[in-house]
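1. I'll drop the sequence and a predicted model, then ask my questions.
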Amino acid sequence: MKIYLQTLGCPKNVVDSEILLSTLDVDDVTLTTDAKQAECIIINTCAFLLSAREEAIETIFDALRLKQAGSCKHIVVVGCLPQKYKKELEQELPEIDFFFDELDFVQIGRRLKNFLRLSGGARYNRYLITPKHYAYLKIAEGCDNRCSYCTIPSIKGRYRSRSRQSIINEADQLVDSGVRELILIAQDTTSYGRDEKGALLADLIRGVGAIDDLKWLRLMYTHPAHLDHDVLQEIRTNDKLCKYIDLPIQHISDSILRSMNRRIRSADLKDLLSTIRSMIPDIAIRTSVIVGYPGESDKEYIELRDFLADMRFERLGVFKYSREEDTPAADLDDQVPEHVKDERVEELMYLQESISLENNQRLIGRVLEVVIDEFDPEENRYIGRTQWDCPEIDNRVIVKGDTTVGSYINIEVQEAMEYDIVGSPVDIR
């Protein structure tokens, strides 16, 4: 049987898809990258925002058209959408064979094997859909933060840390398979271990970082209210931990932060960012902000805009507030008009574009270590990243010269654009 799996949403869903594929990697199965060739289409959905739900429904309808055409026999939907809306989906879309609302993707795979009557033993090792030299490593599931705009706790439940040893065992397997960069992810990585007695994040970092053939370790989805000195010390001193941190602040206005239930004050955020900069001068800080949150007047927006102009984050994501049902923020007064949200997103992204260009221009003439992620056959060039960049979301390095995907090379920066730099390989003796 030919199976196609479509993954929507964040890297946490990528990990779930890889686990599911590992359970289906058996004798009777051919995994295909072409949905039109598949007999079974599996869609791993995201439901975090309205736009994500709309994308999921559109993807389901695309699969249904293939089923109606006769090329596809079975459609299976997993992930956040059925985890939150399974009963409604079953009523509205009876043509779908299965909506799985389980959080355990190994269990989903076992049930699917029985339904599809597949034979042969599964590997139960991660089946990577990322390039083979990097992988995401999920260290926890769920969330206890209860940010007022967020649906994740109602979908994923309470925060549940994995055991330190299970994470290190999986990291060992991934590195043994050729992975050289591991990216730690969870809804909030800095809450790791706080739900039970045992290792906290800094200790986990040391444990994973001790794996011999691991080259880079990267930290994503940290919460500013939970980021402690021990983790910052690891970033400063641990040679394998990238000088990079993903630290979503969401806003800088105290009134907005309180309403968001972010559990941190503006002054504390500023102190934390100052501490990070002083401890680790060469760090790249990625942050994200939400504009158009209820009650964000011109005053609060300008406070945020001016802060971003002063702080000059190396990496920035700007998101428009989405009014999500069953969240406290959805019932707040002073909802911001959509056109105002759009204008604010556009202004902040234009601001960040100029900041990023200036930051990149300062790199001209420097020699940087770069990992090569892909070859672009249309442009006949290789594309890579520095340690300051996470795959898919951050800046790129365009390499002029011959190399290989998955290799770590030194390049001299020769050109700079808003979000890309260009360089050629150099030898360092």
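-> Cool, got the structure. Residues are numbered from 1 along each chain as shown.

2. when you work out contacts or count neighbours from here on, use the C-alpha atoms and nothing else.
-> OK.

3. report the rounded mean pLDDT for stretch 208-217.
-> Stretch 208-217 shows a mean pLDDT of 97.

4. how far does that stretch stretch from start to finish?
-> 8 Å (CA to CA, to the nearest Å).

5. same question, stretch 259-274
-> 24 Å.

6. which ones are touching residue 238?
-> If you count contacts by CA atoms under 8 Å, 6 or more residues apart in numbering, residue 238 has them with residue 209.

7. the closest residue to residue 405 other than its chain neighbours: how many residues sit nearby?
-> Distances taken as CA to CA, 6 or more residues apart in numbering place residue 372 nearest to residue 405, at 5.0 Å, with adjacent residues excluded. By the measure other CA atoms under 10 Å, the count of residues near residue 372 is 23.

8. so residue 372 sits right up against residue 386, yeah?
-> No - counting by CA atoms under 8 Å, residue 372 sits too far from residue 386 to count as a contact (9.2 Å).

9. so where's the stretch 201-350 of the chain uncertain?
-> Judged by pLDDT under 70, the stretch 201-350 of the chain has no weakly predicted residues.

10. for the stretch 51-200 of the chain, that is, sorry about that
-> 121-124, 197.

11. which helix in the chain has the most residues?
-> helix 338-361 (DSSP state H).

12. residues in contact with that helix?
-> Counting by CA under 8 Å, 6+ apart, 291-292, 301, 305, 309, 312-316, 318-321, 415-421 sit against helix 338-361.

13. out of these, which sit inside helices?
-> 301, 305, 309.

14. which of these has the largest number of neighbours?
-> residue 301 (20 neighbours).

15. just confirm that residue contacts residue 291, I think it does.
-> Yes - at 7.4 Å, residue 301 and residue 291 qualify as touching, with contact defined as CA under 8 Å.

16. wait, residue 44 touches residue 5, no?
-> Yes - the pair residue 44 / residue 5 is scored as a contact, 7.4 Å apart, by CA under 8 Å.

17. quickly list what's touching both of the two.
-> By CA under 8 Å, 6+ apart, the residues touching both residue 44 and residue 5 are residue 17.

18. that older thread, list the buried ones in the longest helix of the chain?
-> When neighbours are counted by 16 or more other CA atoms under 10 Å, the buried residues of helix 338-361 are found to be 341, 344-345, 348, 352-357, 359-361.

19. other residues contacting the following helix or strand past it?
-> Sequence order places strand 367-376 as the next helix or strand after helix 338-361, per DSSP states H and E. Outside strand 367-376, the residues within contact range by CA under 8 Å, 6+ apart are 131, 381-387, 397, 403-413, 426.

20. same question, stretch 298-312
-> 251, 252, 253, 256, 291, 344, 348, 351, 352, 355.

21. show me which positions of that stretch end up buried.
-> So stretch 298-312, judged by 16+ other CA under 10 Å, has buried residues 300, 301, 304, 305, 307, 308, 312.

22. closest to residue 284 out of those residues?
-> For the buried residues of stretch 298-312, the closest approach to residue 284 (CA to CA) belongs to residue 312, at 10.5 Å.

23. how near is that closest one to residue 388?
-> Distance from residue 312 to residue 388, by CA to CA: 15 Å.

24. who's in contact with residue 70?
-> Residue 70 touches nothing, counting by CA under 8 Å, 6+ apart.

25. which elements pack onto the helix or strand where residue 231 lies?
-> Using DSSP H and E, residue 231 sits within helix 229-237. Using 3 or more CA pairs under 8 Å, 6 or more residues apart in numbering; DSSP states H and E as the contact test, the elements touching helix 229-237 are helix 201-209, helix 266-279.

26. please redo it, this time with the cut-off set to 6 Å
-> Packing contacts for helix 229-237, counted by 3 or more CA pairs under 6 Å, 6 or more residues apart in numbering; DSSP states H and E, involve no helix or strand.

27. now that helix: buried residues?
-> Within helix 229-237, the residues that count as buried by 16+ other CA under 10 Å are 231, 232, 234, 235, 236.

28. now stretch 283-295
-> 283-295.

29. can I get the residues you listed in JSON lines including distance to residue 24?
-> Listed next are those as JSON lines, based on distance: CA to CA, whole Å:
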{"residue": "283", "distance to residue 24": "40"}
{"residue": "284", "distance to residue 24": "39"}
{"residue": "285", "distance to residue 24": "38"}
{"residue": "286", "distance to residue 24": "36"}
{"residue": "287", "distance to residue 24": "37"}
{"residue": "288", "distance to residue 24": "36"}
{"residue": "289", "distance to residue 24": "39"}
{"residue": "290", "distance to residue 24": "39"}
{"residue": "291", "distance to residue 24": "42"}
{"residue": "292", "distance to residue 24": "43"}
{"residue": "293", "distance to residue 24": "42"}
{"residue": "294", "distance to residue 24": "45"}
{"residue": "295", "distance to residue 24": "48"}
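
30. just checking, which of those belong to strands?
-> If you go by DSSP state E, those have 284, 285, 286, 287, 288, 289, 290, 291 in strands.

31. I'd say the first one and residue 244 touch.
-> Going back to what we said before, that points to residue 284. Yes - counting by CA atoms under 6 Å, residue 244 is a contact partner of residue 284 at 4.7 Å.

32. common neighbours of those two, please.
-> residue 388 (CA atoms under 6 Å, 6 or more residues apart in numbering).

33. mind splitting the protein into its structural domains?
-> 2-116, 134-361, 367-425 (automatic domain parsing).

34. nearest to residue 127 among the ones you listed would be which one?
-> Residue 127 lies closest to domain 2-116 among those, at 4.9 Å (CA to CA).

35. ends of the closest one, how far apart?
-> 11 Å.

36. coming back round to it: narrow the contacts of strand 367-376 to just the buried residues.
-> Buried among the contacts of strand 367-376 (16+ other CA under 10 Å): 382-387, 397, 405-406, 408-413.

37. that concludes my questions; thank you for your assistance.
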